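**Student:** Pasting a predicted model and its sequence here:
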Amino acid sequence: MVDFEGSTDDPRLQPALQDLRSQTVVADLQDAVHVPWFPTRASDIDEFSGKTLDAGSELEADHPGFSDATYRDRRTMIVGNAMSFRHGNELPRVEYTADETATWGAVYSKLRENTDKYAVQSYKDIMPLMEQHCGYAEDNIPQLDDISRFLKSSTGFTLRPVAGLLSARDFLNALAFRVFFSTQYIRHHSRPLYTPEPDICHELMGHAPMFADPDFAAFSHEIGLASLGASDEEVKRLATCYWFSVEFGLCMEGGERKAYGAGLLSSFGELEYACSPDRPAGGRDDFPEFKPWEPEVAAVQEYPICEYQPTYFVADSLQDAKESMREYCASLPRPFGVRYEPYTGSIGVDRALVRGEYTITMQTD
């Protein structure tokens, strides 16, 4: 098979095809491979980084900060930093207020207490390093730039500011470049232990430390690579696997369930609900279901967004979670292969493709 860029009706192709046919048994043309648009360079992420679907500076009426003009102005300023950010720029630093730092401190102290009990060992090993190298402290909100530099030296992952919620395809595509989108705004100070959307507490306490773990970083990268050029249905399945692993994943350590998913690590209530050996936990009288981590099963599992999960998937180990996901990604039907070039921050493919135009896929409940 020979791939080339061009059109089958190009008159320059006909002499070459005629010459091939005179010297071979058969020489046929196949239709071009058309796939959804995907980035091939890290700079291509600029194309969709500002195309958010929700959150940002637009707050719903039931948001704790909806009626607080000062809070809304702060959100607008921080969101503006993310919207203007471009690949290669220095990550914007935010001078957080006393109220914001106090909110972070309330969350930080509560979560550190619970993650010491219920987080995977790698998370507990990494957090002291985040405190030493990235400024994690009860009285200080770390800066994305400091964390990104640390992660880059640890596993090659970097952070990038985002204004709000991206489509599943865009978010997963960025993981293929070992880029994680992170908000920089924080929940409203009136309810420090509650947030209706991902904020910097969720990103930096839940996600960022685990990206310093090589197995977890490879796991996330595999999902990102599998999303490139995937169909809408395949992206939906990958996003669901992401939900039950990177967000709400559990694994066994020392005969106990431990959390590695950011949605659990940043929620002291649900962390206890999912991991405590005592039943019921988290102030609830219901019982979650625990299933073995099988990506092909998790990919079609229904889940709620704004309440504790009724179902969790438990891997034998973080290594098992990674290997199972790698096998699942390899099984997805895709007419081309991809490889990540870390030195150039680019994606290589093994045949010529026609990438469609960029589009945003809206999801509704």
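**Tutor:** Happy to help now that I have it. Numbering: from 1, shown residues only.
**Student:** Could you check how far P11 is from P333?
**Tutor:** Going from P11 to P333 by Cβ to Cβ, to the nearest Å gives 35 Å. C-beta coordinates here come from the backbone N, C-alpha and C atoms, glycine included.
**Student:** With Q132 instead?
**Tutor:** Relative to P333, Q132 is positioned 45 Å away (Cβ to Cβ).
**Student:** More neighbours: those two, which one.
**Tutor:** Using other Cβ atoms under 10 Å as the criterion, Q132 and P333 rank with Q132 on top: 10 against 7.
**Student:** Mind listing what's buried along the helix or strand containing that one?
**Tutor:** Counting by DSSP states H and E, the element that carries Q132 is helix 121-134. The neighbour-count check on helix 121-134 (16 or more other Cβ atoms under 10 Å) flags 122-124, 126-127, 130, 133-134 as buried.
**Student:** cool, stretch 139-152 as well?
**Tutor:** 141-151.
**Student:** and what of stretch 249-258?
**Tutor:** For stretch 249-258, by 16+ other Cβ under 10 Å, it's 249-253, 257-258.
**Student:** Most widely separated two among those residues?
**Tutor:** G249 and E253 (12.6 Å; Cβ to Cβ).
**Student:** circling back: out of the buried residues of helix 121-134, which one sits closest to A352?
**Tutor:** S122 (40.7 Å).
**Student:** if I look at that closest one, how far off is L225?
**Tutor:** As judged by Cβ to Cβ, S122 and L225 stand 22 Å apart.
**Student:** L144 too?
**Tutor:** For L144, the distance to L225 - Cβ to Cβ - is 24 Å.
**Student:** How about H207?
**Tutor:** 19 Å.
**Student:** do F66 as well
**Tutor:** Applying Cβ to Cβ to F66 and L225 gives a distance of 39 Å.
**Student:** neighbour count winner among the two?
**Tutor:** Taking neighbours as other Cβ under 10 Å, F66 and L225 compare with L225 leading, 21 against 12.
**Student:** Do I have it right that that one meets G337?
**Tutor:** No: the criterion here is Cβ atoms under 8 Å, and L225 misses it with G337 at 9.7 Å.
**Student:** which element follows the host helix or strand of A239 toward the C-terminus?
**Tutor:** For A239, the element it lies in under DSSP H and E is helix 232-242. Tracing the chain past helix 232-242, the next element assigned as helix or strand by DSSP H and E is strand 250-253.
**Student:** just checking, what packs against that next one?
**Tutor:** Judged by 3 or more Cβ pairs under 8 Å, 6 or more residues apart in numbering; DSSP states H and E, strand 250-253 is in contact with strand 256-259, strand 311-315, helix 318-331.
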